[in-house]
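# Give the three-dimensional model of this entry:
(one chain, ligands or ions: 1)
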Amino acid sequence: MDFLPFTRPDIDEATIAAVGDVLRSGWLATGPRCREFEARLSSFAGGRPVRVVTSATAALEMALQIAGIGPGDEVITTPLSWIATANVILAVGATPVFVDVDPATRNIDLDRIEAAITPRTRALMPVDLAGLPVDRQRLYRIAEQYRLRVIEDAAQSMGASWNGQRIGQGGDLVSFSFHPNKNMTSGEGGCLVMNDEDEARLFEKLRLQGVTRLPDGTMDVDVLGGKANLTDIAAAIGLGQLERLEAFNARRRELAQRYFERLDPALGLELPLADFVNGNWHMFQPLLPLARMRMTRGEFIEAMKQQGIGIGVHYPAMHLFSLFKAHGFKTGDFPIAEDIGARTITLPLFPAMRDEDIDRVCTALSQVMKPVLN
Ligand SMILES: *Cc1c(COP(=O)(O)O)cnc(C)c1O
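A predicted model of the protein is given here:
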């Protein structure tokens, strides 16, 4: 039987042909396909300005710059995310302030945010882990009360919604990722949804050397920009994917539903919150009952691999990485995130999976776990 990875992008022939058209056109860098991609993403975000870049990491770092966040400022975020979330805070010279997660949602615990706010706090940076949105009403109520910016790391929640409104259609600065493991891809890429054209103009400068083109054909540079503009090759992939996003997410929901139906409760796996309204099921992540298992997570992953099934780990709590320990964080600081990070596994879930693939994963889980459960 073929190896079943935990995720795999689904690129159709029309998209492959569209990439071929770009390659034949003579224009490979930022051009008409990028502008079209931005226009489509803007419609997706309810008409708000959207600009694309080479990664969500770049988009988040530039979002912090747009919000004027730098040395001496604190940004509140979750310790349970891809490392990019906290890295960009360090990259602009600001200080990440972690707040432990809610065990039910595994997202930042909204009840604990206020205790972490200091006079230096400038922004909240929520993450919608596995595509399950943070409660936007409560989040923005806190932000308004304390006059904080919100930089939504919505890398995983493209197409998810809160209270019937798509993530990105409201809020402050919202970043999405188009890395191949996300719900839609452009090969690599990301975007930022902004509030107005002034922010979008600054973003355009930051992504390309600070350059402003002048009407007389010359240019000026008035801020230090980097190099993060997207290619038309990537935009052609993104355009093909955006068209299919709703269908992709609908299929993900069906497959997640099947996991809930087919996983054997006797295995003692702690399942994710069964939200079939708001979430986009970017990942399906049970927690292993390690205290009851005569097997480590590493051994479990290896045993599943022997069964032909790929298992991911997203993510170990990031305050325990050496870089953050060097900033003073230690074991025990955020016990819920640490526990989830130590036991989480990502099961295969991607739109091209068949129903039988879910059953195959469930059978393999039983075969691997039953003999080692106390
Ligand atoms: C993937 C991801 C990012 C980074 O996205 P890139 O496009 O790879 O830079 C940031 N935050 C979260 C939560 C992610 O999942």
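
# Tell me who's in contact with Ile151.
By Cβ atoms under 8 Å, 6 or more residues apart in numbering, the residues touching Ile151 are 60, 63-64, 67, 75, 123-125, 172-173, 175. No exception for glycine: its C-beta is placed from N, CA and C like everyone else's.

# tell me what the helix or strand that contains Ile358 is packed against?
Per DSSP states H and E, Ile358 falls inside helix 355-369. Judged by 3 or more Cβ pairs under 8 Å, 6 or more residues apart in numbering; DSSP states H and E, the packing partners of helix 355-369 are helix 245-262, helix 297-306.

# Which among those is found nearest to the ligand?
Nearest to the ligand, of all the helices and strands packed on helix 355-369, is helix 245-262, at 15.3 Å by Cβ to the nearest ligand atom.

# So for that closest one, what gets flagged as buried?
By neighbour count on 16 or more other Cβ atoms under 10 Å, the buried set for helix 245-262 is 245, 248-249, 251-253, 255-256, 258-259.

# what's the answer for stretch 38-54, then?
Under 16+ other Cβ under 10 Å, the buried positions of stretch 38-54 are 38, 40-42, 44-45, 48-54.

# try stretch 138-152
Within stretch 138-152, the residues that count as buried by 16+ other Cβ under 10 Å are 139-140, 142-143, 148-152.

# Inside helices: which ones of these?
139-140, 142-143 (DSSP state H).

# Columns pLDDT on top of these, output as CSV?
Output for those, formatted as CSV (pLDDT from 0 to 100):
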residue, pLDDT
Leu139, 98
Tyr140, 98
Ile142, 98
Ala143, 98
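
# among those residues, which two are most distant?
Tyr140 and Ile142 (7.3 Å; Cβ to Cβ).

# C-alpha coordinates for the helix holding Ile358, PDB please?
The C-alpha coordinates for helix 355-369 follow below in PDB (Å, rounded to 0.1, in the frame of the first residue of the first chain):
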ATOM      1  CA  ASP A 355     -12.900   7.800   3.200                       C
ATOM      2  CA  GLU A 356     -11.000   4.400   3.200                       C
ATOM      3  CA  ASP A 357      -7.800   6.200   4.100                       C
ATOM      4  CA  ILE A 358      -9.300   7.400   7.300                       C
ATOM      5  CA  ASP A 359     -10.400   3.900   8.100                       C
ATOM      6  CA  ARG A 360      -6.900   2.700   7.400                       C
ATOM      7  CA  VAL A 361      -5.400   5.200   9.800                       C
ATOM      8  CA  CYS A 362      -7.900   4.200  12.500                       C
ATOM      9  CA  THR A 363      -7.100   0.500  12.000                       C
ATOM     10  CA  ALA A 364      -3.300   1.200  12.200                       C
ATOM     11  CA  LEU A 365      -3.800   3.200  15.400                       C
ATOM     12  CA  SER A 366      -5.600   0.300  17.000                       C
ATOM     13  CA  GLN A 367      -2.900  -2.100  15.900                       C
ATOM     14  CA  VAL A 368      -0.100   0.000  17.200                       C
ATOM     15  CA  MET A 369      -1.700   1.200  20.400                       C
END
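
# so for it, what's the average pLDDT?
What helix 355-369 shows for mean pLDDT is 98.

# State the mean pLDDT of stretch 70-84.
Average pLDDT, stretch 70-84: 98.

# Can you point out the buried residues in it?
73-82, 84.

# Keep those residues, but drop any that are not near the ligand.
81-82, 84 (Cβ under 6 Å from any ligand atom).

# if we can go back for a sec, how about JSON lines for the helices and strands packed on helix 355-369, with mean pLDDT added?
Listed next are the helices and strands packed on helix 355-369 as JSON lines, based on pLDDT from 0 to 100:
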{"stretch": "helix 245-262", "mean pLDDT": "98"}
{"stretch": "helix 297-306", "mean pLDDT": "98"}
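
# As TSV, these with distance to Leu214 would be great.
Output for the helices and strands packed on helix 355-369, formatted as TSV (distance: least, Cβ to Cβ, whole Å):
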stretch	distance to Leu214
helix 245-262	37
helix 297-306	56
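
# what does the stretch 1-150 of the chain have sitting close to the ligand?
For the stretch 1-150 of the chain, the contact set with the ligand under Cβ under 6 Å from any ligand atom comprises 55-57, 81-82, 84-85, 127.

# from these, which is closest to Asp135?
The shortest approach to Asp135 among those belongs to Val127, at 13.1 Å (Cβ to Cβ).

# correct me, but the closest one touches Ile167?
No. Using Cβ atoms under 8 Å, Val127 is not in contact with Ile167, being 11.5 Å away.

# Please name the bridge partners of the residue nearest to Glu204 when sequence neighbours are not counted.
Computed as Cβ to Cβ, 6 or more residues apart in numbering, the closest residue to Glu204 that is not its neighbour in sequence is Arg51, at 6.2 Å. Beta bridges link Arg51 to Leu192, judged by DSSP bridges.

# Please look at Arg51 and Met194 and confirm they touch.
Yes. Taking contacts as Cβ under 8 Å, Arg51 lies within contact range of Met194: 7.3 Å.

# picking up where we left off before, save the residues of the stretch 1-150 of the chain next to the ligand as JSON lines, and put in secondary structure too.
Output for those, formatted as JSON lines (DSSP: H, G, I helix; E, B strand; the rest coil):
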{"residue": "Ser55", "secondary structure": "coil"}
{"residue": "Ala56", "secondary structure": "helix"}
{"residue": "Thr57", "secondary structure": "helix"}
{"residue": "Ser81", "secondary structure": "coil"}
{"residue": "Trp82", "secondary structure": "coil"}
{"residue": "Ala84", "secondary structure": "helix"}
{"residue": "Thr85", "secondary structure": "helix"}
{"residue": "Val127", "secondary structure": "strand"}
